[in-house]
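Trainee: coords please:
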Amino acid sequence: MQANLEQYAAEIRETHAAVLACDKNAKDQKRHAIKVAIACGQKLIEAKKMMEHGQWRGWLADNCKGVSAKTATNYMRLANAEREQVADLSQAPTLRQAYIAAGIVKNPERPEPNEFTKAKKFAHELWELLHGTPDPERMANEIQPVLAWYQDFVAEKQKREAALHDGFEMAA
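Mentor: Down below sits the predicted model:
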């Protein structure tokens, strides 16, 4: 039995060391991703400078498959932040944290509830007002179709707004 415990102890130490190595590698990979994103942003900036006004998005779509305009913009903003030393991006643990440090995306302390969450809360409150304590089964049958419709409505609204926003960016 003692031999089994010694074997388990050795395996536990070995696997723990592997976990620590994997964690370190993951952190290193994430930091490397930030450096590569900055380098990509610098290349995007240089490429954009070579084009006439209005050619950028079309060129990007035709020549850089898989790189959305939003991602390209984020990479360029990251490269500019690094160049202007807006933030110490080398300490950011993830690409998202680098975006936050550079001011590219917001870091809400407490995110605003989205439209669907607000609608769901409203539906629960309405149900309680109309019927007292909610009956989950009945609620699922009667409220969920309304919530599903509302979620589809919000998604379509967001698509239309994004398309409109993209249209304004193209015109600028």
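Trainee: need the contact list for K48.
Mentor: Residues counted as contacts of K48 (Cβ atoms under 8 Å, 6 or more residues apart in numbering) are 56, 76. (Each C-beta comes from the backbone N, C-alpha and C, glycine too.)
Trainee: Can you classify it by secondary structure?
Mentor: helix (DSSP: H, G, I helix; E, B strand; the rest coil).
Trainee: For L60, see how far away it is.
Mentor: Per Cβ to Cβ, to the nearest Å, K48 is found 9 Å from L60.
Trainee: And the spatially closest residue to T94 that is not a sequence neighbour, how close does it get to A72?
Mentor: Counting by Cβ to Cβ, 6 or more residues apart in numbering, T94 lies nearest to K30, which is 5.1 Å off, once chain neighbours are set aside. From K30 across to A72, the span is 20 Å (Cβ to Cβ).
Trainee: follow-up on the earlier one: looking at it, the residue nearest to T94 is touching S90, isn't it?
Mentor: No. K30 is beyond contact range of S90, at 11.8 Å (criterion: Cβ atoms under 8 Å).
Trainee: more neighbours, those two?
Mentor: K30 (16 against 11; other Cβ atoms under 10 Å).
Trainee: Phi first, then psi, for P93.
Mentor: phi -80, psi -20 (degrees, to the nearest 10).
Trainee: So what's the residue count around it?
Mentor: Applying other Cβ under 10 Å, I find that P93 has 12 neighbouring residues.
Trainee: now swap in E52 and tell me
Mentor: Counted with other Cβ under 10 Å, E52 comes out at 6.
Trainee: quick check, distance from stretch 9-20 to the centre of its chain.
Mentor: 33 Å (Cα atoms, centre = their mean, to the nearest Å).
Trainee: What about A123, how many residues nearby?
Mentor: 18.
Trainee: what helix or strand does it sit in?
Mentor: helix 115-131 (DSSP states H and E).
Trainee: now do N74
Mentor: helix 69-83.
Trainee: quick check, distance from whichever helix or strand comes after that helix to the centre of its chain.
Mentor: Using DSSP H and E, the helix or strand that follows helix 69-83 in sequence is helix 95-101. Relative to its chain's centre, helix 95-101 lies at 10 Å (Cα atoms, centre = their mean).
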